[in-house]
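Participant: model this:
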Amino acid sequence: MPNLTTDQLTALALATGKRLAVFGSRTLDDDRVAETILEAVDAMKPAAIVTAAEPHGVCEVARRVAAALPLPLHLHFLDKAHRSAGAWHWRSVAVYRNADHVLLIHDGESQGTSNELALAIKMKLPYIYIKLEVDIADADA
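Facilitator: Residues are numbered from 1 along each chain as shown. Predicted structure coming up:
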């Protein structure tokens, strides 16, 4: 079942060849996430996927999708040595500075993904926001 609307797919198609940042909730790591990312990649045909290196969940699925396609993958790591205060925020800024469009997949509760949405808006990056419910089977695993 497609997760992206026709308008969202059209917006992505207009960004063909650009870099797609992918962020989202750590609680989401099932096939729906991979399908959503693949939909976005198919519509946008990005030059690369840009995401965070360490988190599980959506970022981890994005890394797997990029490897499977294969598609260039730009990873950003936490810099706790130089930016201990706000390391997560500054990693998100680095990802967004290296991206042209943002795909956010949110469980509706994660504060980190809410912060990344607010940052995309603040940085005036075009974004697609998808809300998915946490799969109970994954939450219990």
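
Participant: distance of the residue lying closest to K45 once chain neighbours are set aside relative to A40?
Facilitator: In space, and not counting its chain neighbours, K45 is closest to T16: 5.0 Å by CB to CB, 6 or more residues apart in numbering. To be clear about C-beta, it is placed using only N, CA and C from the backbone, and glycine gets the same treatment. The spacing between T16 and A40, counted by CB to CB, to the nearest Å, is 12 Å.

Participant: what segments of this structure are helices?
Facilitator: Under the criterion DSSP state H, the chain carries helices at the ranges 6-14, 31-44, 58-68, 87-97, 111-122, 136-140.

Participant: nearest to T51, out of these?
Facilitator: Closest to T51 of those is helix 58-68 (CB to CB; 4.6 Å).

Participant: ok, back up a step: between T16 and A40, which has more neighbouring residues?
Facilitator: A40 (28 against 11; other CB atoms under 10 Å).

Participant: about what we covered before: surely the residue nearest to K45 and M44 touch.
Facilitator: Yes: here T16 reaches M44: they are 6.0 Å apart, a contact under CB atoms under 8 Å.

Participant: could you check how far I121 is from V93?
Facilitator: Distance from I121 to V93, by CB to CB: 13 Å.

Participant: which residues of this structure score low on pLDDT?
Facilitator: Across the chain, the ranges flagged by pLDDT under 70 are 1-2, 82-83, 137-141.

Participant: can you tell me the centre-most residue of it?
Facilitator: The residue lying closest to the centre of the chain (CA atoms, centre = their mean) is V22, at 1.7 Å.

Participant: returning to that earlier point: more neighbours: I121 and V93, which one.
Facilitator: Using other CB under 10 Å, the more surrounded residue of I121 and V93 is V93, with 16 against 12.

Participant: what's the local residue count around the nearest residue to the more buried one once chain neighbours are set aside?
Facilitator: Sequence neighbours aside, L119 is the residue nearest to V93 in space, at 6.9 Å (criterion: CB to CB, 6+ apart). Close neighbours of L119, defined as other CB under 10 Å, add up to 18.
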